[in-house]
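Q: whatever this is, show me its structure:
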Amino acid sequence: MRCALLFSVALVALAAGAATPAAAQDLDRFTYDDLIQVNRLSDPQVSVVGQQVVYAVRATDLPNNRGVTSLYLLDLEAGGPAERLDISDEGANTARWAPDGTLYFLSGRSGSSQVWATRDRGGTAHQVTDLPVDVQTYRLSPAGDRLAVALAVHPDCPDLACSVARTEAEAASKSTGVIYDRVFVRHWDTWKDGTQNHVFVAPIGADGRAGEAVWVTRGFDGDTPSKPFGDEGDFTFTPDGEGIVFSARLAGRTEPWSTNFDLWRTDLSGSGAFANLTDANDAWDAGPVFSPDGRTLAYRAMARPGFEADRLVVHLMDVATGRIRALTADWDRSADALQWAPDGRSLYVTAQDVGQTRLFAVDVRSGDVVPMTGPGHVGGFDVTPAGVVYARDALDAPADLWFKTHRGREMPRQLTRVNPQLADETFGEAEQFTFAGWNGETVHAYVIKPAGLAPGEKAPVAFLIHGGPQGSFGNAWSYRWNAQTYAGAGYAVVMIDFHGSTGYGQAFTDSISQHWGDRPLEDLQKGWAHALAAYDFLDGERACALGASYGGYMVNWIAGNWSEPWDCLVNHDGIFDTFGMGYATEELWFTEWDNGGTPYDVPENYQRFNPANHVQNWKTPMLVIQGDRDFRVPTTQSLATFNALQRRGIESRLLVFPDENHWVLRSANSLQWHQTVFGWLDQHLKSE
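A: Below is the predicted model of the structure:
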């Protein structure tokens, strides 16, 4: 493991107790009110010749409780400020370039989500598709003469007209009962309505409008893009533009406990003929990307069926022979986004790496991996002939665009500053540290010191526990669990990347399976003790533990097994009864893998670390929060938690959002969430 990293240029020697000068007491500290107003940059897309980049910025319209997305255009050669495109006034997102320089995008200005295009730098636009259902996402063919669109349709219908008629008939029916014959019954935050995501392909005429769309995946029993978070990365045109390769899982009756996504190829006739290109692998295959010369198909694949957090290895398939080579088999990182370099000699990938999310270049011949970026989190990126444009954020900075040449030693150049209002804000000082955790192995963690803390003063502590559990807080900006909002409110922050966290090697990630309550808890306990000994500004007598999802599970587990350090607890969408969760959640592969089987085959595994079995030890005040549309961790889990607290006479509070899922996404709800959470912390950690 690497030594500890500092990931802010303004850090001081926190372990030595270095304090902020007295003049800093009047600094403008970052708060959750500031967080809600932060502009969110995403989706950089570089033009074919590499001269321009278009990107999206989502601003918050708090009075109307919504986000407003605009497209911006930046000239990479001429420089200067970015230009907001006029087409944004009527709604625009998901911008994509055609080879001839036409800019396509999605907009709902016609009453439904359709593909539009502009040829005059976003001054005016014309409608490309006029389909009777919403376009979810789309992709242009290599020549720019065809358009592939993803639509939600009834798979047993022969055409779009039938699918639309059925949807309208169901909506008009006076009865509301729904019959299901197989699972999924509901997924993420949506009850199944009988539709699946399918791909249609239409020609683009000389007038710039799409012709009749052919249903090219008709007859396939599955979703592409996948639900709930799939996008156009799940499908692509073949290099000749005459076929589609897509990633999908056969639904059948095993969908909720299968992770067997394969790459499939079909032609554009809608014949229903599908060739499985990765049939030999019963685990996840995803993200097909053809090389510039069209001879090689790159994609990412897992090796273990049923495990959603297995390592994603980059594979290369020879298009002519079908021969497959695992390119990054010896690289102990999990590859995420994937793009070819223009010369086809290397691939660019992002991957979590010891608390950072870096951009890497992978040599196609040798498999050698070279990091292209330093500290921080790389989100979206796109390759130009001269280098890479990428979105970078960090614990102390929301996303902006940066440019890095293909030469490894050259420093990156910042292209945008989409949040100038933050220039005068003061963020907490962040440091990554290490300690010996479970089994004596190195564990990484993070501490943030509140800005303006007086010399010798101690700060109450927010002990944040990440979800997943195969996840990581890392050196990244968050719009839900943002550590800087706690530091701005006067709280020091401690975050432990316990065993099971991602970015530290696959064995480290694997170690949490069937060990939810022992190995991670030991890491949390040892990390807490180490932090208190190393950072004298932490007030261990005033501390609250907070977490969501698995982090909420751990809060419940802590309540019965390690309550001593905590003045209060916050549990968002956390698991209370692991045995009941094994039956009630929707993605059954998750609970079955992490517990070593089904609840009826190995009930003892589900009970071994079950918080419900330790309620008799609960005594710490707890705030419980739940999104009622969270079907991953159903509402009954939080209701059971709150009932247990109330029945035992423990100070407790329940906040329910009827219209939120596993996350709190609406602006007004986010504001209420933060006000409630910080009110709870202030009540227990700052009141006299």
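Q: C-alpha only now, for contacts and for neighbours.
A: OK.
Q: show me the contacts for Gln196.
A: Taking CA atoms under 8 Å, 6 or more residues apart in numbering, we find Gln196 in contact with 152-155, 222-224.
Q: so which of those sit within strands?
A: 152-153 (DSSP state E).
Q: Leu263 reaches Ala248, doesn't it?
A: Yes: in this structure, Leu263 is within contact of Ala248 by CA atoms under 8 Å, at 6.7 Å.
Q: between these two, which one's more packed in?
A: Ala248 (26 against 23; other CA atoms under 10 Å).
Q: just give me the neighbour total for the closest residue to the more buried one other than its chain neighbours.
A: In space, and not counting its chain neighbours, Ala248 is closest to Phe261: 5.0 Å by CA to CA, 6 or more residues apart in numbering. By other CA under 10 Å, the residues close to Phe261 number 25.
Q: hmm, His662 is touching Arg632, no?
A: Yes: at 7.0 Å, His662 counts as touching Arg632 under the criterion of CA under 8 Å.
Q: from Trp566, how far off is Val615?
A: Using CA to CA, to the nearest Å, we find Val615 at a distance of 16 Å from Trp566.
Q: looking at the two, which is more packed in?
A: Set side by side, Val615 and Trp566 show more neighbours around Trp566, with 22 against 19, by other CA under 10 Å.
Q: list the contacts for that one?
A: With CA under 8 Å, 6+ apart, Trp566 has these contacts: 542-545, 620.
Q: residues of stretch 596-610 that come out buried?
A: Buried residues in stretch 596-610, counted by 16 or more other CA atoms under 10 Å: 596-599, 603, 605-610.
Q: dump the residues you listed to CSV, plus distance to Pro455 and pLDDT.
A: Compiled in CSV, the buried residues of stretch 596-610 are given as follows (distance: CA to CA, whole Å; pLDDT from 0 to 100):
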residue, distance to Pro455, pLDDT
Gly596, 50, 98
Gly597, 53, 98
Thr598, 54, 98
Pro599, 54, 98
Pro603, 53, 98
Asn605, 49, 98
Tyr606, 48, 98
Gln607, 48, 98
Arg608, 46, 98
Phe609, 42, 98
Asn610, 43, 98
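Q: mind putting those into a markdown table with distance to Ala286 and secondary structure?
A: Formatted as a markdown table, the buried residues of stretch 596-610 follow (distance: CA to CA, whole Å; DSSP: H, G, I helix; E, B strand; the rest coil):
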| residue | distance to Ala286 | secondary structure |
| --- | --- | --- |
| Gly596 | 25 | coil |
| Gly597 | 25 | coil |
| Thr598 | 26 | coil |
| Pro599 | 29 | coil |
| Pro603 | 33 | helix |
| Asn605 | 31 | helix |
| Tyr606 | 31 | helix |
| Gln607 | 34 | helix |
| Arg608 | 34 | helix |
| Phe609 | 33 | coil |
| Asn610 | 34 | coil |
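Q: so which of the residues you listed is the closest to Glu168?
A: Minimum distance to Glu168 across the buried residues of stretch 596-610 is 39.1 Å, recorded for Thr598 (CA to CA).
Q: hang on, that closest one packs against Phe579?
A: No: using CA under 8 Å, Thr598 is not in contact with Phe579; the gap is 9.5 Å.
Q: one step back: of the contacts of Trp566 - the most surrounded one?
A: Ala545 (26 neighbours).
Q: quickly list what that one is bridged to.
A: Phe463, Leu569 (DSSP bridges).
Q: repeat for Trp402
A: Here Trp402, judged by DSSP bridges, has bridge partners Tyr390, Gln414.
Q: so what's the residue count around it?
A: By the criterion of other CA under 10 Å, Trp402 has 18 neighbours.
Q: so how far is Leu327 from it?
A: 28 Å.
Q: coming back round to it: which one of the contacts of Trp566 is nearest Asn482?
A: For these, the nearest to Asn482 is Ala545 (14.7 Å; CA to CA).
Q: which SS state does Pro455 fall under?
A: Taken by DSSP: H, G, I helix; E, B strand; the rest coil, the conformation at Pro455 corresponds to coil.
Q: mind listing residues that contact the longest helix seen in the chain?
A: Secondary structure of the chain per DSSP state H: the longest helix is helix 667-685. Applying CA under 8 Å, 6+ apart, the contact partners of helix 667-685 are 32-33, 36, 60, 62, 65-67, 460, 480, 542-544, 567-568, 570, 623, 657, 664.
Q: looking at the residues you listed, which are in strands?
A: Reading strands off the contacts of helix 667-685 with DSSP E, I get 60, 66-67, 460, 542-544, 568, 570, 623, 657.
Q: which ones are touching Ser271?
A: Residues near Ser271 by CA under 8 Å, 6+ apart: 216, 218.
Q: how about the strands in the stretch 251-400 of the chain?
A: Assignment of strands within the stretch 251-400 of the chain using DSSP state E, counting those that start in this stretch yields the ranges 261-267, 275-276, 285-290, 296-301, 313-318, 324-326, 338-340, 346-353, 356-363, 369-371, 377-383, 387-394, 397-405.
Q: relative to Ala487, how far out is Glu429?
A: Glu429 sits 9 Å away from Ala487, going by CA to CA.
Q: that should have said Asn65, apologies.
A: For Asn65 relative to Ala487 (CA to CA), the value is 26 Å.
Q: show me which of the contacts of Trp566 is closest to His187.
A: Ala545 (29.4 Å).
Q: quick check, pLDDT for the closest one.
A: Listed pLDDT for Ala545 reads 98.
Q: wait, it sits on Ala462?
A: Yes: counting by CA under 8 Å, Ala545 does reach Ala462; the two are 6.1 Å apart.
Q: and Pro203, what helix or strand is that in?
A: strand 196-203 (DSSP states H and E).
Q: list the neighbouring strands of that strand plus their orientation.
A: Here, using DSSP bridges, strand 196-203 pairs with strand 146-153 (antiparallel), strand 214-215 (antiparallel).
Q: closest one to Arg121 among those?
A: Proximity to Arg121 (CA to CA) singles out strand 146-153 among these, at 20.7 Å.
Q: can I get stretch 565-581 in PDB? Just the C-alpha atoms.
A: Extracted in PDB, the C-alpha atoms of stretch 565-581 (Å, rounded to 0.1, in the frame of the first residue of the first chain):
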ATOM      1  CA  PRO A 565     -18.100   6.600  21.500                       C
ATOM      2  CA  TRP A 566     -21.300   8.000  20.000                       C
ATOM      3  CA  ASP A 567     -23.500  10.800  21.300                       C
ATOM      4  CA  CYS A 568     -25.900  10.200  18.400                       C
ATOM      5  CA  LEU A 569     -26.400   8.200  15.200                       C
ATOM      6  CA  VAL A 570     -27.900   9.000  11.700                       C
ATOM      7  CA  ASN A 571     -29.200   6.100   9.600                       C
ATOM      8  CA  HIS A 572     -30.300   6.800   6.000                       C
ATOM      9  CA  ASP A 573     -32.000   3.900   4.200                       C
ATOM     10  CA  GLY A 574     -30.100   1.400   6.300                       C
ATOM     11  CA  ILE A 575     -30.700  -2.300   6.700                       C
ATOM     12  CA  PHE A 576     -32.200  -3.400  10.000                       C
ATOM     13  CA  ASP A 577     -33.000  -7.100   9.300                       C
ATOM     14  CA  THR A 578     -30.500  -8.800   7.000                       C
ATOM     15  CA  PHE A 579     -32.600 -11.900   6.900                       C
ATOM     16  CA  GLY A 580     -35.700 -10.100   5.800                       C
ATOM     17  CA  MET A 581     -33.600  -8.000   3.400                       C
END
